[in-house]
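Undergrad: Test case, fold it:
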Amino acid sequence: MHTPLPTHRYQRHRFPAEIIIHCVWLYFRVCLSYWDVEELMAERGVILTYEAVRYWCRTFGQAYAHQLRLAI
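TA: Residues are numbered from 1 along each chain as shown. This next block holds a predicted model:
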């Protein structure tokens, strides 16, 4: 059940939607800290700050939680 990404929500961000969604997923589903998400992404070659992860989680976290509730 893979839904297409609503790209209009992520247009004015520096990183692609896939990276933002993956970071938000790591934070909420795996229960990592912002610092841990930053380190995991750095290991994969994506350099970002924990503040960017925090901002994305605050901005897109509610929509992500809503999608999880609909999937159940």
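Undergrad: State the pLDDT value of Q67.
TA: If you check Q67, the pLDDT there is 75.
Undergrad: Roughly how far does it sit from G61?
TA: According to Cβ to Cβ, to the nearest Å, Q67 stands 11 Å off from G61. The C-beta positions use only the backbone N, C-alpha and C, and glycine is treated the same way.
Undergrad: State the helix or strand in which E18 lies.
TA: Secondary structure from DSSP states H and E places E18 in helix 17-29.
Undergrad: quick one, which of Q67 and G61 is more surrounded?
TA: Set Q67 next to G61 and count neighbours by other Cβ atoms under 10 Å: G61 wins out with 14 against 10.
Undergrad: residue boundaries of the helices in this structure?
TA: For the chain, the helices defined by DSSP state H occupy 17-29, 34-43, 50-71.
Undergrad: residues in contact with the residue most central in space within the chain?
TA: Among the residues of the chain, the one closest to the centroid is V24, at 2.5 Å (Cα atoms, centre = their mean). By Cβ atoms under 8 Å, 6 or more residues apart in numbering, the contact list for V24 reads W56, C57, F60, G61, Y64.
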